[in-house]
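fold the following, please.
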Amino acid sequence: MTKESFSIHGDEILKKIKELIAEGNVRKITITDKSGREIMSFPLTFGVVGALMLPALAAVGAIAALVTECTITVEREDHGETPAE
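Numbering: from 1, shown residues only. Below you'll find the model as predicted:
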């Protein structure tokens, strides 16, 4: 599993989250404020799309209205690699 972080402004959060979900290999998304405090975290399981993501996206939209700058941390699935034993 790999982690990647993006610093982003509040008005761009929802757009970025939707892009990440569309990629399909994202396992978990965590949003933290500029002081490093976790605001929201939600897992993405394979096949969870559409209506099941609406509550999470609505919450992200509300967060976007409140924060000016935040960091999105993404945990991605490593495809093709076998775990070390």
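
for this protein, name the helix or strand with the lowest mean pLDDT.
Lowest by mean pLDDT, DSSP states H and E among the helices and strands of the chain is helix 54-66, with a mean of 74.

can you count the residues close to Lys18?
Using other Cβ atoms under 10 Å, the number of residues around Lys18 comes to 12. For glycine as for every other residue, the C-beta is placed from the backbone atoms N, C-alpha and C.

which element, helix or strand, includes Glu19?
helix 13-23 (DSSP states H and E).

could you say what helices and strands the next helix or strand after that helix packs with?
Scanning forward in sequence from helix 13-23 by DSSP H and E, the next helix or strand is strand 26-33. Secondary-structure packing of strand 26-33 (3 or more Cβ pairs under 8 Å, 6 or more residues apart in numbering; DSSP states H and E): helix 13-23, strand 38-43, strand 69-76.
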